[in-house]
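In: here you go, sequence then predicted model.
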Amino acid sequence: MLLLVAASGLVILAAVLGFILLGGGGSAASDAPKLLTAAGCTFQTVKAHKSSDHSILTPEGTSKQWNTSPPTSGAHYQTAAIWGAYTEPLQQAQVVHNLEHGGIFIQYGTNVPQATVDELKGFYDKHLNGTLLAPLPSLGSKIALGAWVTPSASQADNGVAHLAKCTRFDNAAYAAFFDAYQFKGPERFSEKSMTPGA
């Protein structure tokens, strides 16, 4: 009987930890959606697709399975983008690979004012490791933040993807997104290995 009670307690503990890690409990994981919504952003969480899917054969390829725009999980190209800040758009099939490693993207549309782009660059400069900053013309006047999160590296195919779309920069809301979701991808690379230029 004691073994049965102990086993059920472990199951409940595992469920609670999984809920928190996937963005459900208190702390940064639940603060991020609230702060982003308060900042006028939309916030979307979807079930992530399978990791380790290198079925896109060219960097400019796409996948019908992508369930957010821009994509935040699933099939991707075998080589990730080099970490850094860009002035030209990135290939999304490569960006998804970066998210698989625990990174986050910040992408902005053509109509985002230069002053806001400068704010994004300033934010990027304080979050260099594991971050991609790049234009994505199709976003128009919006800024997108994307992350792919799993409870642990051993549960690589049991994750969610988060996508926020904002019309302005908000330091507190963006920082909450990074605090909650960065470095928690299905393939966990060390933060030190995800430096700009790597």
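Out: Arrived safely. Residues are numbered from 1 along each chain as shown.
In: and the helices in the protein?
Out: Counting by DSSP state H, the segments of the chain that form helices are 2-21, 28-38, 92-100, 114-125, 171-181.
In: run the angle between the last one and helix 114-125 for me.
Out: Between helix 171-181 and helix 114-125, the angle formed by their directions is 40 degrees, by axes from the mean of the first three to the mean of the last three Cα atoms, to 10 degrees.
In: worst average pLDDT in the helices of the chain?
Out: Among these, helix 2-21 carries the lowest mean pLDDT, a mean of 43.
In: for the protein, which residue is closest to the average position?
Out: residue 147 (0.7 Å; Cα atoms, centre = their mean).
In: not counting its neighbours along the chain, what's nearest that residue?
Out: Distances taken as Cβ to Cβ, 6 or more residues apart in numbering put residue 181 closest to residue 147, at 3.7 Å, once the chain neighbours are dropped. The C-beta positions use only the backbone N, C-alpha and C, and glycine is treated the same way.
In: so how many other residues sit close to that neighbour?
Out: Neighbours of residue 181 under the rule other Cβ atoms under 10 Å: 27.
In: surely it meets residue 104?
Out: Yes - using Cβ atoms under 8 Å as the test, residue 181 is close enough to residue 104 to be in contact (6.6 Å).
In: what sits in contact with each of those two?
Out: Counting by Cβ atoms under 8 Å, 6 or more residues apart in numbering, the shared contacts of residue 181 and residue 104 are residue 147.
In: how close does residue 178 sit to residue 54?
Out: According to Cβ to Cβ, to the nearest Å, residue 178 and residue 54 sit 26 Å apart.
In: so between the two, which is more surrounded?
Out: Comparing residue 178 with residue 54 by other Cβ under 10 Å, the one with more neighbours is residue 178, at 20 against 13.
In: what residues are up against the closest residue to the more buried one other than its chain neighbours?
Out: Take residue 178 and drop its neighbours on the chain: the residue closest to it by Cβ to Cβ, 6+ apart is residue 127, 5.6 Å away. If you count contacts by Cβ under 8 Å, 6+ apart, residue 127 has them with 104, 178, 182.
In: and the pLDDT at residue 127?
Out: For residue 127, the model assigns a pLDDT of 98.
In: also residue 192?
Out: pLDDT at residue 192 comes out at 93.
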